[in-house]
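Participant: Here is a sequence with its predicted model. Questions after.
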Amino acid sequence: MAKGAKERWLEKNYASVKVSLEQSIVLAFKEACKEKQQSQASVLKKAMINYIEIPQKDKTSKKIIDRNDKRPKRKKNVANIIAQLEEVLDAEQLYCDGIPDNFANRKEAAEETIARLEDAINNLIDAY
């Protein structure tokens, strides 16, 4: 049977990915996609793009968009990084507070880590 224009276009522009995973993971993924009203393909595409760290295409102009092409985008990205570092800092402080006094080396290392994290956060805040 002859292929239609759509099938030829799809073959030319798209490729299939086949993976086998545990049923529990696949079922949970399908359910999550359904609940969030997102196609499985769009979620996997986004994960692949993020994994290989390439800029995404703008669907309207078909041009590649640099995620950091504008200052507000960079500022938002840095704010997200700061938020993550603050979470790490909080966890490190909890860890440090829980170290018994007789483990001076561990406590010293944790305090050094805390100081460096605070410096990194302050430097990023100063940058933007």
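Facilitator: Yep, it's here. For clarity, every value in this text was computed on a predicted model and none was experimentally measured.
Participant: Can you give me the pLDDT of the residue nearest to the spatial centre of the chain?
Facilitator: Taking Cα atoms, centre = their mean, the centroid of the chain lies closest to residue 50, which sits 6.6 Å from it. pLDDT, residue 50: 84.
Participant: check which helix or strand covers it.
Facilitator: If you go by DSSP states H and E, residue 50 is part of helix 40-52.
Participant: So what's the gap between that helix and the chain middle?
Facilitator: In terms of Cα atoms, centre = their mean, to the nearest Å, the centre of helix 40-52 is set 11 Å apart from its chain centre.
Participant: can you give me the helices for this protein?
Facilitator: Here the chain has its helices, by DSSP state H, at 5-13, 23-35, 40-52, 71-97, 104-127.
Participant: for this protein, what are the low-confidence residue spans?
Facilitator: 1-2, 54-67 (pLDDT under 70).
Participant: Domain-wise, how is it divided?
Facilitator: Following automatic domain parsing, one finds the domains of the chain at 5-52, 71-127.
Participant: most neighbours per residue, which of those?
Facilitator: The highest mean neighbour count among the domains of the chain, using mean count of other Cβ atoms under 10 Å, belongs to domain 71-127: a mean of 13. Just so you know, the C-beta spots here come from the backbone N, C-alpha and C atoms, and that holds for glycine as well.
Participant: measure that one end to end?
Facilitator: The separation between the terminal residues of domain 71-127, taken as Cα to Cα, to the nearest Å, is 12 Å.
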